[in-house]
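In: I would like to see how this sequence folds:
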Amino acid sequence: MESIRIDKWLWAARFFKTRSLATQEVSKGCVQVGQRDVKPSFEVREGMTLTVWQAQVKRTLLVKGVSDKRGSAPVAQQLYEETQESIHTRLQLAEHNRLHTEPALAIGHGRPTKRDRRDLQKGLNARWSASVDD
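Out: Next up is the predicted model:
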C-alpha cells in the first residue's frame, strides 16, 4: 500500500477515536500538509510532514508508514514520528498550562443552586439598600 486517505490514516494512527471524527477535523482545517489545508480524501504517503491540531495543541508529524487498519497503540505509534521541535513545544505548553491555570475554568458551570441564590441575595441585601440615609 503506497498511499491512503488522510482521514483513514489519522484514525489508524489513533489520533481520533472514529473515522468520522477524523473526517470532521480534517474538514475544519485542523490538519495541514505543507502549511496548506487538505480535504479528507487527500492521499498520504510515507515521508510526508503533517501538522495536526488537537485540543489547541499543534503536533508536527513525519509519516513513517501507511495503514488502513486500526491496530494497538504500539503498532499505531510506528506509523509516525513526531519532530523534536514539536515535542519540545508541546511539553512547554503543558508546563505553562500546569503553572498558569485559566481562571474561567475554575468557575462552576450552569445555573446557581437554591443555596447559591440565597447566598447571593444575602450579599446584595447587606450592601445595597433602597432606603435614603440622612
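
In: now the residue nearest to the spatial centre of the chain: how far from M48?
Out: In the chain, the centroid-proximal residue (CA atoms, centre = their mean) is A55; its distance is 1.3 Å. Counting by CB to CB, to the nearest Å, the gap from A55 to M48 is 23 Å. C-betas here are computed from N, CA, C, even on glycine.

In: show me how far the longest helix along the chain is from its chain's centre.
Out: If you go by DSSP state H, the chain has its longest helix at helix 84-99. Relative to its parent chain, helix 84-99 has a centroid offset of 14 Å by CA atoms, centre = their mean, to the nearest Å.

In: packing partners of it?
Out: On a contact count with 3 or more CB pairs under 8 Å, 6 or more residues apart in numbering; DSSP states H and E, helix 84-99 meets strand 57-63.

In: whichever helix or strand comes after the strand it packs on packs against which elements?
Out: Later in the chain than strand 57-63, the nearest helix or strand by DSSP states H and E is helix 73-77. The criterion is 3+ CB pairs under 8 Å, 6+ apart, and there are no helices or strands that helix 73-77 contacts.

In: right, I'll call it a day here.
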